[in-house]
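Engineer: Sequence and predicted structure below; questions after.
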Amino acid sequence: MRVLLSQLLRYRHNFFALLLGALMVPAFLPAEVLPGGFAWLLPLLPITSLAGLIALWQRLDAPRAAFSLGLAYGLGLFGGGIHWIYIALTSFGGMTTWVAVLLMTLLIAYMAFYPALVGYFAVRFFTGGARLLAIPALWGLSELLRAHLFSGLPWLSMGYTQALPSPLAGYIPVGGVYFTSVVCVALGAALVQMVWAWCARSQKKYLGAMAVLLLMMIGQILNNVEWSEPTGEPLPVSLIQGNIPQDIKFNPEVVEKTYAHYRHLAEMSRGRLVILPESAFPDFVDQVPEEEIIAFTQLGIERQADFLVGMFTRRVNISGRDEYFNSVLSLGQSPLNLYRKRHLVPFGEKIPFENIVAPLMNALIAIPLAGQSEGNADQLPFSVAGGKVAITICFEDVFGAEQIRSARQATLLANFTNDAWYNRSMAAWQHHRIATMRALETARPMLRATNTGITAVIDHRGRTVERLPWFTTGVLEADIAGRKGDTPYLRWGDWFGFGVMVLLMGVAVWRRSAKVCSIA
């Protein structure tokens, strides 16, 4: 018992870091999830959590111990934040429990590796005030790396916690999610500086307090800037939530009923722009009954409307190989528009090293239409219903920089998704939060059509205007005006945030060098 107690005391800081990481998880949910006045607490959670982690790192001189603390923090954050992938693997993918647990453990450990690296490099190369400057820069750089390495997995980047009502939301259209992450971590570091200087009765306490106030004030001022302007009168839009159970969605025996179900909902809609969710037609376009295509097209012509429908397309490439795509097509008064998903889910829609990995994946999990192909990177917005609509399908709306070219030419954003894979977990709410970030970055309204939720209209400030109840069948009707105008993020992308990270690192290195010289 005494040995066990001594071991617990030895690793108490790691356990505390684990709890701090888990404390972050609710901050990635939309503000409307919490009742009433509690919404304003959500943006404070990450700042408090990060301040706790930074305070632990400031006490250390051993890089390995800092790595361990960062790893524990990441395990708490990602273990609590992405555990819902297990549902897709087991409930709908047919994977055995022990294999799913093993794969989830490896994925969570991989993502936790990034904050661990931040702690290691911060403690290995910096001390004191230089470390407080380096940590926000290192954190931002680690998120950028995670967003690009192995096709990218930027879920739960820190900036997502700072959508409205956070005063830091004003930074989002300026530098995007990763720049906002840097600001968020810097605020935590400034709080640590202020508290420690206050406890030591140092005059530097005012420096930390000034940094906190300055970061908050700038964010609030930026919150009042209108980066875009309406392009005309509000457009009537209809977002259809079919609520098809995931376990029967791709069952050939119910496909005919699915067509009739969506046709009935489309006939109920009143919008000039009507959006059906990802793979609403769970088949290839050449296998969709001709009468369904004619019915939607004719209805669009009669109502002067356009229907945007998720389905699959295929083609034979120049090497004679069949390729198929997760796609969106427009049917109605406008000429045909086609979008093919460009950023696929690794090991789900796209299998890396397919010749080697595919046989193993097929033996472990059953995913409909796995091994898809990627659409072109330079696809244009849809010209429908008198506006320009930039399209994303499901997971690819996580990659804001990839959408800049299309968003600059668009007046509206639309995301087609199906989060039914994750049942009633927090995945759908996290995905909704991500969509608010894309609206803020581009100053464009976001229209989200989903199978089971969260179907919603999000305005150009990232505020949810209307949404349908979760796991219900319905048509969300709204009037929303398209918008035009470039935010700084649309002009510079992630380069502005990257420049700030490099600048902070440069100042931290300079302070470290100056301190070494003064000691010498």
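Structural biologist: Yep, that arrived. Residues are numbered from 1 along each chain as shown.
Engineer: Residue 110 versus residue 40, what's the distance?
Structural biologist: Distance of residue 40 to residue 110, computed by Cβ to Cβ, to the nearest Å: 33 Å. (C-beta placed from N, C-alpha, C; glycine too.)
Engineer: One more: residue 466?
Structural biologist: In this view, residue 466 and residue 110 are 38 Å apart by Cβ to Cβ.
Engineer: and if you look at residue 374?
Structural biologist: As judged by Cβ to Cβ, residue 374 and residue 110 stand 23 Å apart.
Engineer: Over to residue 194?
Structural biologist: The span separating residue 194 from residue 110 equals 34 Å under the rule Cβ to Cβ.
Engineer: which helices and strands does the helix or strand harbouring residue 184 pack with?
Structural biologist: Take DSSP states H and E as the rule and residue 184 turns out to sit in helix 172-199. In terms of contacts (3 or more Cβ pairs under 8 Å, 6 or more residues apart in numbering; DSSP states H and E), helix 172-199 is packed against helix 44-58, helix 128-148, helix 205-223, helix 427-442, helix 488-492, helix 495-519.
Engineer: Packing partners of the fourth one?
Structural biologist: In this case it means helix 427-442. Helix 427-442 packs on helix 172-199, helix 404-409, strand 412-417, strand 446-450, strand 456-458, helix 488-492, going by 3+ Cβ pairs under 8 Å, 6+ apart.
Engineer: let's go with 6 Å and repeat that
Structural biologist: helix 172-199, strand 446-450 (3 or more Cβ pairs under 6 Å, 6 or more residues apart in numbering; DSSP states H and E).
Engineer: now swap in the fifth one and tell me
Structural biologist: In terms of contacts (3+ Cβ pairs under 6 Å, 6+ apart), helix 488-492 is packed against helix 172-199.
Engineer: let's see 10 Å
Structural biologist: Helix 488-492 makes packing contacts with helix 172-199, helix 404-409, helix 427-442, helix 495-519 when contacts are defined by 3 or more Cβ pairs under 10 Å, 6 or more residues apart in numbering; DSSP states H and E.
Engineer: got the buried residues for it?
Structural biologist: Buried positions in helix 488-492, judged by neighbour count with 16 or more other Cβ atoms under 10 Å: 488, 489, 490, 492.
Engineer: can you check the first one too?
Structural biologist: Buried positions in helix 44-58, judged by neighbour count with 16+ other Cβ under 10 Å: 45-47, 49-58.
Engineer: TSV please, covering those and showing distance to residue 150.
Structural biologist: Below are those laid out as TSV (distance: Cβ to Cβ, whole Å):
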residue	distance to residue 150
45	29
46	25
47	30
49	26
50	25
51	31
52	30
53	25
54	28
55	32
56	29
57	27
58	32
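Engineer: The helices and strands packed on helix 488-492: which one's closest to residue 87?
Structural biologist: Closest to residue 87 of these is helix 427-442 (Cβ to Cβ; 8.1 Å).
Engineer: how long is stretch 449-456 from one end to the other?
Structural biologist: 7 Å (Cα to Cα, to the nearest Å).
Engineer: So what's the gap between it and the chain middle?
Structural biologist: Averaging C-alpha positions (Cα atoms, centre = their mean, to the nearest Å) puts stretch 449-456 16 Å from its chain's average.
Engineer: please begin residue numbering at 41 from this point
Structural biologist: All set: I'll call the first residue 41, so the last point we hit is now stretch 489-496.
Engineer: Low-confidence regions, the stretch 341-490 of the chain specifically.
Structural biologist: 360, 387-411 (pLDDT under 70).
Engineer: model confidence over stretch 52-68, on average?
Structural biologist: The average of the pLDDT scores along stretch 52-68 is 92.
Engineer: sorry, back to before: could you list the buried residues of the helix holding residue 224?
Structural biologist: 212-234, 236-237.
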